[in-house]
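1. I'll drop the sequence and a predicted model, then ask my questions.
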Amino acid sequence: MAEALLEPWFPLLSSLFWWQRFRGLRTDCIVLRKNGRMRVLCGSAQWVCRRGSDKLLAMKTPTRIFITGASSGLGAGLARHYARPGVTLGLVARRRDLLATLQADLAQRGATVHVYEQDVCDTSKLAACARDFLERAQGIDLVLANAGVGIRNSIHEGESDEVAALMQINVIGVTNTLLPFVPTMLKQKSGTLVGMSSMAGHQALPGRTAYCASKAAVRVFMDGLRMDLHGTGVHAMTLCPGFVDTPLIQDNPSTFWVVDLERGVRLMAKAIAARKRTYTFPWQMNLLHYLAKCLPECVVRRLAPAPRTRSSLRREGVSIGRPAP
Ligand SMILES: NC(=O)c1ccc[n+]([C@@H]2O[C@H](COP(=O)([O-])OP(=O)(O)OC[C@H]3O[C@@H](n4cnc5c(N)ncnc54)[C@H](OP(=O)(O)O)[C@@H]3O)[C@@H](O)[C@H]2O)c1
């Protein structure tokens with residue numbers, strides 16, 4: 001192995017390897033010791049094929065779009081981004097007033113908007129919303145399972161109620177949103193399902209155990225769904241934002257590389273149109289998550305924000321799920 005390090009091709013091959021890892025390709029199995037050149041070439045060919053197939057499969061502009069968590073932040077931003085004449089939007093959230101304001105704004109832009117004042121945790125009611133939207137829009141092009149909440153730990157108190165509520169919204173809410181659309185998409189042989197994960201879904205962090213676990217669950221679920229749907233024309237993908245300037249991060253003192261909402265929405269829409277598999281942004285966060293994988297746990301512990309022993313929501317006397325009106 002030491003001799004291989006001195007070979008002139010080694011820096012070239014290893015930078016190719018890291019470049020491909022950075023692009024999110026599956027080159028994990030590369031072994032540089034034996035037959036390394038061959039395997040790296042395989043990876044490069046995969047990159048060329050992926051770029052080709054991305055272009056071929058690139059999604060036509062979606063016109064029938066269903067978004068959860070649309071009353072604020074990323075969901076509202078994405079709804080505004082897609083709203084134009086000829087587009088039908090289905091918007092889900094619990095805050096009626098915010099949905100009504102957004103509906104009026106989007107209607108002015110020429111879009112047809114159906115709002116559903118609904119909690120994503122209610123499986124049967126959300127399936128009913130999906131059925132209603134499918135009937136009104138006559139099909140579906142894009143589903144964004146975006147609704148989500150963040151809490152810091154209440155782990156030290158040994159209380160699991162907030163964690164359970166978070167898992168319900170962040171994980172079950174995603175499956176409740178996406179799965180009712182699958183049969184129609186299969187019939188259409190088209191459509192894109194998007195799960196909103198997070199940079200935190202790549203790496204467990206102290207003080208955010210439940211949030212990280214919920215976002216990792218979304219990412220893995222979407223990876224499995226994509227494999228299940230392979231060859232059907234239906235695509236499943238994951239968005240992993242770093243920090244985007246929305247109400248979710250307002251009380252978080254330890255944010256960095258914060259992306260403004262407009263740019264975040266533009267980047268996500270571009271990734272959706274290109275049918276990426278997992279899209280982590282901004283690029284600094286993507287690089288950071290690969291670096292963090294190589295760091296020992298004691299270093300991650302030191303670099304990440306200190307664990308909180310009480311849930312910030314509980315301390316402020318706020319319940320995690322805003323009550324449905
Ligand atoms: N902003 C970031 O930096 C960032 C980074 C990584 C990942 N994310 C993820 O992006 C998603 C959107 O976050 P955001 O930044 O836009 O936060 P936000 O502004 O707080 O929006 C969260 C949205 O989710 C909805 N929601 C929450 N619980 C719900 C429930 N039980 N049923 C229906 N809707 C519910 C909220 O609507 P109502 O309260 O009206 O129901 C709201 O519209 C989340 O999944 C979050 O984890 C955000």
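-> That came through fine. Numbering: from 1, shown residues only.
2. residue ranges for the helices of the stretch 51-200 of the chain, please.
-> 73-82, 96-108, 123-137, 161-167, 173-178, 182-188 (DSSP state H, counting those that start in this stretch).
3. buried sites along stretch 121-134?
-> Neighbour-count burial for stretch 121-134 flags Cys121, Asp122, Lys125, Leu126, Cys129, Ala130, Phe133, Leu134 (criterion: 16 or more other Cβ atoms under 10 Å). Yep, even glycine has a C-beta here, placed from its N, CA and C like the rest.
4. just stretch 132-143 next, same as before
-> For stretch 132-143, burial by neighbour count (16+ other Cβ under 10 Å) applies to Phe133, Leu134, Ala137, Gly139, Ile140, Asp141, Leu142, Val143.
5. cool, stretch 168-186 as well?
-> Using 16+ other Cβ under 10 Å as the test for burial, stretch 168-186 gives 168-182, 184-185.
6. So it, near the ligand or not?
-> Yes: interface with the ligand: stretch 168-186 contributes Ile169, Gly173 (Cβ under 6 Å from any ligand atom).
7. contact partners of that stretch?
-> With Cβ atoms under 8 Å, 6 or more residues apart in numbering as the test, stretch 168-186 has contacts from 66, 68, 92, 120-123, 126-127, 130-131, 134, 139-140, 143, 145, 147-149, 191, 193, 195-196, 211, 214-215, 217-218, 221, 225, 229, 232-234, 236, 320-321.
8. got it, and stretch 72-87?
-> Counting by Cβ under 8 Å, 6+ apart, 62-65, 67-70, 89, 91, 93, 95, 98, 102, 105-106, 109-113, 142, 144, 146-147, 196, 241, 244, 246-248, 261-262, 264-266, 268-269 sit against stretch 72-87.
9. cutoff 6 Å now
-> Stretch 72-87 is contacted by residues 63, 65, 67, 69-70, 89, 91, 102, 106, 109-111, 146, 246-248, 261, 265, 269 when judged by Cβ atoms under 6 Å, 6 or more residues apart in numbering.
10. Just those: which are in strands?
-> If you go by DSSP state E, those have Ile65, Ile67, Leu89, Leu91 in strands.
11. just the strands in the chain please.
-> Taking DSSP E as the criterion, the chain carries its strands at 64-68, 88-93, 112-117, 142-145, 191-196, 234-241, 278-281.
12. CA atoms only for the third one, dumped as PDB, please.
-> When you say that, I think you mean strand 112-117. C-alpha atoms of strand 112-117 as PDB (Å, rounded to 0.1, in the frame of the first residue of the first chain):
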ATOM      1  CA  THR A 112     -55.200  27.400  -9.500                       C
ATOM      2  CA  VAL A 113     -54.800  26.700  -5.800                       C
ATOM      3  CA  HIS A 114     -56.500  24.100  -3.600                       C
ATOM      4  CA  VAL A 115     -55.700  24.400   0.100                       C
ATOM      5  CA  TYR A 116     -56.100  21.700   2.700                       C
ATOM      6  CA  GLU A 117     -56.000  22.700   6.300                       C
END
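13. Show the secondary-structure elements that that strand is packed against.
-> Packed against strand 112-117 by the contact rule (3 or more Cβ pairs under 6 Å, 6 or more residues apart in numbering; DSSP states H and E) you find strand 88-93, helix 96-108.
14. which stretch among those comes nearest the ligand?
-> Evaluated with Cβ to the nearest ligand atom, those place strand 88-93 nearest to the ligand, the distance being 3.6 Å.
15. Tell me, how many residues neighbour Glu262?
-> Residues contacting Glu262 under the criterion other Cβ atoms under 10 Å number 13.
16. Can you tell me the closest non-neighbouring residue to it?
-> Distance criterion Cβ to Cβ, 6 or more residues apart in numbering; nearest residue to Glu262, sequence neighbours excluded, is Gly77 at 7.1 Å.
17. for Cys240, same thing?
-> In space, Cys240 is closest to Thr280, 4.1 Å off (Cβ to Cβ, 6+ apart).
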